[in-house]
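> The sequence isn't on hand, but the structure is:
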């Protein structure tokens, strides 16, 4: 089983402990999801979907989640928020997989794929604590609620630098190459 597959499975398992299994739709292999749901009247972020992007606000990871009408707006909003965070975890995990793969190719300091996979899982979990819900939208026609979770690349790098149980070489690699790898990922040069 590949490092990516193990990491993706681990992230999904960890999130499953935090929310009902029915909330998770699984982990996809694409890092950047381009979407156009063409929902009339919806904010651009709803129609674009989950993605990694660079804009005037910086390098950002965005996760979009939704929940159908359930008769309880508070519960529905919470489900949409959780799904947005799950999407954010999927994208962040994919990004960290790319970083660790490049680190291993560069020499990797003798670190095993399995050890890196565990470290990525921990870093993903720690970073998600800093994720913020920055937007919500309710479709008046269907009563579906959409949520947008955001995580800034600067926060990811700061978190990686502070994680004690992480390979020191990987920390240095992230510090030196994280932005470049992110930019290549956004441009579609990485899969």
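Sure thing, it's come through. Because the structure is a prediction, the values reported are computed rather than measured.

> Quick one: list the elements packing against the helix of greatest length in the chain.
Longest helix in the chain, counting residues (DSSP state H): helix 73-105. Judged by 3 or more CB pairs under 8 Å, 6 or more residues apart in numbering; DSSP states H and E, helix 73-105 is in contact with helix 3-18, strand 51-55, strand 58-67, helix 113-128, strand 132-138, strand 145-152, helix 168-187. C-beta: built from backbone N, CA, C; applies to glycine.

> Could you check the angle the fourth one makes with helix 168-187?
For helix 113-128 against helix 168-187, the angle by axes from the mean of the first three to the mean of the last three CA atoms, to 10 degrees is 70 degrees.

> buried residues in helix 113-128?
For helix 113-128, a neighbour-count test (16 or more other CB atoms under 10 Å) marks 113, 115-121, 123-125, 127-128 as buried.

> repeat for the longest one
Across helix 168-187, burial judged by 16+ other CB under 10 Å covers 170, 171, 173, 174, 178, 179, 181, 182, 185, 186.

> Surely the second one touches residue 159?
No: applying CB atoms under 8 Å, one finds residue 171 not in contact with residue 159, separated by 10.5 Å.

> gap between residue 78 and residue 46?
18 Å (CB to CB, to the nearest Å).
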